[in-house]
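>>> fold the following for me, if possible:
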Amino acid sequence: EAEAEPEAEAEKTGRWEARESYKQPVYSDQIGLLATGDAQTDYSAAIRAIGAGRRSAASIHQMMYDIEPGLPEDIIIQDSVLQNVNHVERVGESSRNIMPLCGPKELAECKEIEKGYSADTAKDEASRCLQCGLICYERRWGEMEQPEKVEQTA
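Model (predicted):
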């Protein structure tokens with residue numbers, strides 16, 4: 001008896017079609033969704049996870065509606081230039097709160113490189129406007145009437 005086409009077999013059995021998950025080339029031999037070298041604790045890991053989730057949802061949508069999986073021509077990659085802002089005017093400079101790090105002895109116990117902010121420091125850092133991801137500054141309203149006192153920052 002001739003072997004059935006995979007699509008016909010799936011219709012009969014209700015089996016799912018699988019797609020291989022993308023991994024960095026050095027980890028391509030590992031089985032499973034995550035690889036040993038995948039970042040899991042830093043802020044950039046969270047950003048990459050959100051992006052991966054969106055791409056996954058788009059791929060699942062394409063598969064459900066029998067659309068050939070693919071990427072748009074204008075996909076954003078690591079080298080994409082999204083904004084060309086190199087300075088702002090009439091905005092005061094504000095220093096960033098540096099995340100405290102665990103020492104070598106603490107690292108084995110806490111298993112995280114960064115200790116995290118205290119509640120007060122976290123509120124202070126959040127108030128500096130972390131939404132844009134490009135330029136960090138704090139607007140000093142009292143100085144806005146005297147622009148010569150306000151430095152440009154980028």
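
>>> which of the three states applies to Cys61?
I think there's a mix-up here, since residue 61 is His and not Cys. helix (DSSP: H, G, I helix; E, B strand; the rest coil).

>>> run a quick neighbour tally on Glu11.
The local packing of Glu11 (other C-beta atoms under 10 Å) involves 11 other residues. In this view, the C-beta of every residue, glycine as well, is placed from N, C-alpha and C.

>>> cool, and Arg96?
For Arg96, the count of nearby residues is 9 (other C-beta under 10 Å).

>>> my read is it is in a helix, agree?
No - residue state for Arg96 (three-state DSSP) corresponds to coil; a helix is not indicated.

>>> hmm, it is touching Arg128, no?
Yes - the criterion here is C-beta atoms under 8 Å, and Arg96 meets it with Arg128 at 7.1 Å.

>>> can you give the domain ranges for this structure?
As given by automatic domain parsing, the domain ranges for the chain are 1-78, 81-154.

>>> worst average pLDDT in those?
The minimum mean pLDDT among the domains of the chain belongs to domain 81-154 (a mean of 67).

>>> helices along the chain, start to end?
Shown for the chain, the helices assigned by DSSP state H span residues 6-13, 43-64, 104-110, 119-126.

>>> tabulate those (JSON lines), appending distance to Gln24.
Shown next, in JSON lines, are the helices of the chain (distance: least, C-beta to C-beta, whole Å):
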{"stretch": "helix 6-13", "distance to Gln24": "29"}
{"stretch": "helix 43-64", "distance to Gln24": "11"}
{"stretch": "helix 104-110", "distance to Gln24": "24"}
{"stretch": "helix 119-126", "distance to Gln24": "30"}
